[in-house]
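Novice: The sequence isn't on hand, but the structure is:
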């Protein structure tokens, strides 16, 4: 049932806010696929983005895990949103080599992309809280720490 809810919501969300490029569309589709099979939205989202771009990085994938379930399964900020912010920052964020030389314009550009992602997330889900997103997608919430939860698939 959760997978059917997810597919229906994916189709509705895709009609309202279509991804803006072929890679974005592929990441969008892969993200839903990976989440339905593996769970941990943060890792599934970052993996989908990396696969759509053809650039996997095990360290980035591993770093995304703690955001699952709304940061450590606390049902706070959605891990998928956090992973999206990670992806934007990986491409446009400040690099260690540019710690003191990144321009204000470059900083603003990256932060505006994050703000745009946040706005789109709010438009699609009405919240950035994990439990609210689960409720919208699946009609219920999930606790990743509970051994008695049914799987996402």
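Specialist: Thanks, I have the structure now. These numbers come from a predicted model, not from an experiment.
Novice: Quick one: residues contacting residue 87.
Specialist: 45, 46, 49 (Cβ atoms under 8 Å, 6 or more residues apart in numbering). For glycine as for every other residue, the C-beta is placed from the backbone atoms N, C-alpha and C.
Novice: Any idea which helix or strand in this protein has the lowest mean pLDDT?
Specialist: helix 2-16 (a mean of 44; mean pLDDT, DSSP states H and E).
Novice: The closest residue to residue 38 other than its chain neighbours and residue 99, how far apart?
Specialist: In space, residue 38 comes closest to residue 44 once its chain neighbours are excluded; the distance is 5.8 Å by Cβ to Cβ, 6 or more residues apart in numbering. Separation of residue 44 from residue 99 (Cβ to Cβ, to the nearest Å): 31 Å.
Novice: which parts of the next helix or strand after the least confident helix or strand of the chain are buried?
Specialist: As assigned by DSSP states H and E, the chain's next helix or strand after helix 2-16 is helix 22-38. Across helix 22-38, burial judged by 16 or more other Cβ atoms under 10 Å covers 26, 27, 28, 30, 31, 32, 34, 35, 36.
Novice: so what does helix 22-38 touch, helix or strand wise?
Specialist: Using 3 or more Cβ pairs under 8 Å, 6 or more residues apart in numbering; DSSP states H and E as the contact test, the elements touching helix 22-38 are helix 2-16, helix 41-53.
Novice: quick one, it and helix 41-53 angle?
Specialist: 140 degrees (axes from the mean of the first three to the mean of the last three Cα atoms, to 10 degrees).
Novice: and the host helix or strand of residue 111, how far out from the chain's middle?
Specialist: Assigned by DSSP H and E, residue 111 belongs to helix 104-125. Counting by Cα atoms, centre = their mean, to the nearest Å, helix 104-125 is centred 13 Å from the centre of its parent chain.
Novice: so what secondary structure elements neighbour the helix or strand following that helix?
Specialist: For helix 104-125, the following helix or strand on the C-terminal side (DSSP H and E) is helix 130-138. Packing partners of helix 130-138 (3+ Cβ pairs under 8 Å, 6+ apart): helix 2-16, helix 104-125.
Novice: and the angle for helix 130-138 with helix 22-38?
Specialist: 100 degrees.
Novice: Tell me which residues of helix 130-138 come out buried.
Specialist: 130, 131, 132, 133, 134, 135, 137, 138.
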